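[1] A predicted structure for the sequence below; I have some questions about it.
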Amino acid sequence: MACSQSLGIAYTSSALDDSQRQFDIYYPTDTAVDARPLIVFVHGGAWRAEDKRDHASLARSILTATGCAVAVPNYRLTPSGNVDPNLRHPVHAEDLLAFLHFILAWRNPQYSFDPHKLVLIGHSCSAHMLSSIFLDSQTPSLTPSMVLLSAVKGIVLSEGIFDLDTLVARFPDYRRWFIDGAFGPAEHYPEFSTLRYSPWPNAPIKWLLIHSKGDMLVDVPQTVAMYNHLKTLYPEGIDHDIDTVESDHDDVLRQDAYIQMVKDFVVNFI
């Protein structure tokens, strides 16, 4: 499917010259295509790295597979050695929530998508960010509007970080590398465990969790624990796959099997 792109669109009034609060969108050039869900891919990078431009090829692949427009937002990152509390969690997720509220109201006839049908994809640390918004993390600044909760039909989480304490127990160097900078120095981080978060009422979102057996950066038990938690919250609409993909952490995104799983999930909402 032929596609085009628009790059560097600001989603806050202060972001005209702030690339960390802009997004790119990839969309079908065939204007005869019916309005389909908008897919939002949120990059990982340990809350401190990566950029929307790094995932242009992935966005095009998802568009080709699904026929849906794909938006890729940036968000503020935590710099190495951060001591500024204003650049710690929840600032990254706050930016993501601001983008999602922006996209609900954004209207441009150039882009054909249904803003009332959103499918969100979070990879690595952004799986934690999406979980902190679409489950109740008891963080007022991460409270989604009822309109947004209604618009989000599905969430895909791949190679996700969900519980910081078990992650640090498995990979002790991560505390110094990015956890202390992004969340502040602490002995333990129970309040940031998405395994403790409760569901929002009247938000029948479907979830798909993906994890590769070959991931050397985030271990499979992170996703297994989150899957088990979601199953206690929602009797239906939760699925996971920890067997299909065998690539390393970010290589998962370049696998045909990953694109196929996303396609099979999205087709439920077209």
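    Here it is on my side, so go on.

[2] and the closest residue to residue 175 other than its chain neighbours, what does it touch?
    Nearest non-adjacent residue to residue 175, counting by Cβ to Cβ, 6 or more residues apart in numbering: residue 168, 5.1 Å away. (C-beta placed from N, C-alpha, C; glycine too.) By Cβ atoms under 8 Å, 6 or more residues apart in numbering, the contact list for residue 168 reads 174-175, 179, 189.

[3] Let me have those in CSV, extended by distance to residue 125, pLDDT and secondary structure.
    CSV is the format used below for the contacts of residue 168 (distance: Cβ to Cβ, whole Å; pLDDT from 0 to 100; DSSP: H, G, I helix; E, B strand; the rest coil):
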residue, distance to residue 125, pLDDT, secondary structure
174, 11, 98, helix
175, 15, 97, helix
179, 10, 97, helix
189, 13, 98, coil
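
[4] between those, which is nearest residue 97?
    Residue 97 lies nearest to residue 189 out of those, by Cβ to Cβ, at 20.7 Å.

[5] give me the number of residues near that closest one?
    By other Cβ atoms under 10 Å, 19 other residues sit near residue 189.

[6] start the count at 58, not 1, going forward
    All set: I'll call the first residue 58, so the last point we hit is now residue 246.

[7] how far away is it from residue 223?
    Here the criterion is Cβ to Cβ, to the nearest Å. By it, residue 246 lies 10 Å from residue 223.

[8] And what about the residue nearest to residue 232, helix, strand or coil?
    Secondary structure state of residue 225, per DSSP: H, G, I helix; E, B strand; the rest coil, is helix.

[9] And the pLDDT at it?
    pLDDT for residue 225: 98.

[10] just the one 3 residues further on next, same as before
    Model confidence at residue 228, expressed as pLDDT, equals 98.

[11] check contacts around it.
    Shown in contact with residue 228 (Cβ under 8 Å, 6+ apart): residue 274.

[12] Residue 280 against residue 297, yeah?
    Yes: here residue 280 lies in contact with residue 297, judged by Cβ atoms under 8 Å, at a distance of 6.4 Å.

[13] Surely residue 222 and residue 250 touch.
    Yes: Residue 222 sits in contact with residue 250 when judged by Cβ under 8 Å, with a separation of 6.8 Å.

[14] between these two, which one's more packed in?
    Applying other Cβ under 10 Å to residue 222 and residue 250 shows that residue 250 carries more neighbours, namely 21 against 16.

[15] From the centre of the protein outward, give me the first residue you hit.
    Centroid-nearest residue in the chain: residue 179, 2.3 Å away (criterion: Cα atoms, centre = their mean).

[16] Quickly find the element holding it.
    Using DSSP states H and E, the element containing residue 179 is strand 170-180.

[17] Just checking: what are the partner strands of that strand?
    Here strand 170-180 is paired, per DSSP bridges, with strand 93-99 (parallel), strand 209-215 (parallel).

[18] Give the rounded mean pLDDT of it.
    Strand 170-180 shows a mean pLDDT of 95.
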